[in-house]
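A.B. asks: Provided below are the primary sequence and the corresponding predicted coordinates.
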Amino acid sequence: RQIVGELREAIRSDQLVLNYQPIVELATGRIEGCEALVRWNHPVHGLIMPDQFIPVAEATGLIAELGRWVLRTAVGQLRQWRDNPATSQHDFSMRINVSAADLQSLEFVDDVSEALAEESLSPESLVLELTESAIIQNNELDRYTLASLHRLGVGLEIDDFGAGYSSMGYLRKLPVDRVKVDRQFVKDLGKDPSQLVFLAAIQDVIRSCGLEGVWEGIETAEEAEALRSIGCASGQGYYFGRPLPEAGFTEQLTRLR
Ligand code: G
Ligand code: G
Ligand code: MN
Ligand code: NA
């Protein structure tokens, strides 16, 4: 109970922070994106991870306000990196996680469009990551929102692909551009090299639907090379960089200059 009031207060009083994790083009090592991941810097309990409070926010309706804060902060940060001479040569997009409730909000498309306009950013600068469970609800309002976002020109990505009860049919039907494959698939690669054949098959399915694959959970050079060898375009994971606060990510960008 108490946590709801505290979370509401946290959103308004800057206790939330975003960490940023790079998404890399496997063939070249170029940073093509960064995912914003929210944390709660609680005055008493310290750093709280999103799986501890996103479900609370979703259950109480606070997710709309939290989502707006994430959107504004992430887009404002991207504007700062584009304006900073030490980081401006990196041309990458911001990826934010969107919850099922956001797709149910009639204002969401306008919020996204306004946030981009305020920072003079083109729609392609932003990619929205949507979990399978959010998309699979597949009701009329979701479909309308997705179509509107697609028309606006922001990138749309299915997150955690293959994690739950996957149905592949929607890969062809939804107006999405990218699929982020759940990290369990890369994790199993270390235990059993023949897993690579399976990953290549997933990659083929994604490609044959006209989509780009993003592979997450890459922790070693061997995993990155294996994925590159089967033609995977993009990757994310501790090998390339952990989620870092603004200052740390800025430093990583500066070093790569
Ligand atoms: O940050 P971790 O590193 O712990 O993130 C765990 C999960 O929390 C992510 O996979 C994502 O689904 C969710 N998450 C992180 N940041 C956000 C956010 O800003 N909004 C929403 N809705 N979910 C987020
Ligand atoms: O929303 P999504 O599930 O994509 O969020 C990414 C989550 O995965 C975050 O919780 C992030 O901390 C975590 N993560 C990112 N890279 C790695 C990795 O290489 N290994 C593991 N185990 N987790 C990772
Ligand atoms: Mn994500
Ligand atoms: Na994921």
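C.D. replies: Arrived safely. Ligands and ions are numbered 1, 2, ... in the order given.

A.B. asks: Secondary structure element for the closest residue to ligand 3 within the stretch 1-150 of the chain, which one?
C.D. replies: Closest approach between the stretch 1-150 of the chain and ligand 3, counting by C-beta to the ion: Glu129, at 4.1 Å. Every residue, glycine included, has its C-beta placed from N, CA and C. Glu129 belongs to strand 126-131 when assigned by DSSP states H and E.

A.B. asks: Same question for Val38.
C.D. replies: Secondary structure assigned from DSSP H and E places Val38 in strand 31-42.

A.B. asks: who does that strand touch, helix- and strand-wise?
C.D. replies: helix 2-12, strand 16-25, strand 46-48, helix 50-60, helix 63-83, strand 93-98, strand 234-236 (3 or more C-beta pairs under 8 Å, 6 or more residues apart in numbering; DSSP states H and E).

A.B. asks: Report the contact partners of the residue of the stretch 1-150 of the chain closest to ligand 3.
C.D. replies: Glu35, Arg95, Ile96, Asn97, Val98, Glu157, Ile158, Asp159, Lys180 (C-beta atoms under 8 Å, 6 or more residues apart in numbering).

A.B. asks: if you set the cut-off to 6 Å instead, what comes out?
C.D. replies: Arg95, Asn97, Glu157, Asp159 (C-beta atoms under 6 Å, 6 or more residues apart in numbering).

A.B. asks: Give the closest residue to it in space, chain neighbours not counted.
C.D. replies: Asp159 (4.2 Å; C-beta to C-beta, 6 or more residues apart in numbering).

A.B. asks: what about the one you found, neighbour count?
C.D. replies: 24 (other C-beta atoms under 10 Å).

A.B. asks: again, but for Val214
C.D. replies: The tally of other residues near Val214 (other C-beta under 10 Å) stands at 28.

A.B. asks: Just confirm it is within a strand.
C.D. replies: Yes - assessed with DSSP: H, G, I helix; E, B strand; the rest coil, Val214 lies in a strand.

A.B. asks: Name whatever forms a beta bridge with it.
C.D. replies: Lys180, Ser234 (DSSP bridges).

A.B. asks: Tell me the pLDDT of Ser166.
C.D. replies: The per-residue pLDDT reported for Ser166 equals 64.

A.B. asks: repeat for Gln104
C.D. replies: Predicted confidence (pLDDT) for Gln104: 85.

A.B. asks: related to what we said a few turns ago, is the residue nearest to Glu129 part of a helix or strand, or is it coil?
C.D. replies: Criterion first, three-state DSSP; result for Asp159: strand.

A.B. asks: I figured it hits Lys180, correct?
C.D. replies: Yes - here Asp159 reaches Lys180: they are 5.0 Å apart, a contact under C-beta atoms under 6 Å.

A.B. asks: Please name the residues that touch Val127.
C.D. replies: Ser93, Arg95, Gly155, Glu157 are the contacts of Val127 under C-beta under 6 Å, 6+ apart.

A.B. asks: Closest residue of the stretch 101-250 of the chain to ligand 1?
C.D. replies: Pro243 (5.6 Å; C-beta to the nearest ligand atom).

A.B. asks: so that residue touches Leu37, yeah?
C.D. replies: Yes - between Pro243 and Leu37 there is a contact under C-beta under 6 Å: 4.9 Å.

A.B. asks: Give the intersection of the neighbour lists for the two.
C.D. replies: Counting by C-beta under 6 Å, 6+ apart, the contacts common to Pro243 and Leu37 are Asn19.

A.B. asks: Tally up the residues packed near the residue of the chain found nearest ligand 4, please.
C.D. replies: Going by C-beta to the ion, ligand 4 is nearest to Asp160 of the chain, at 4.0 Å. By other C-beta under 10 Å, the residues close to Asp160 number 21.
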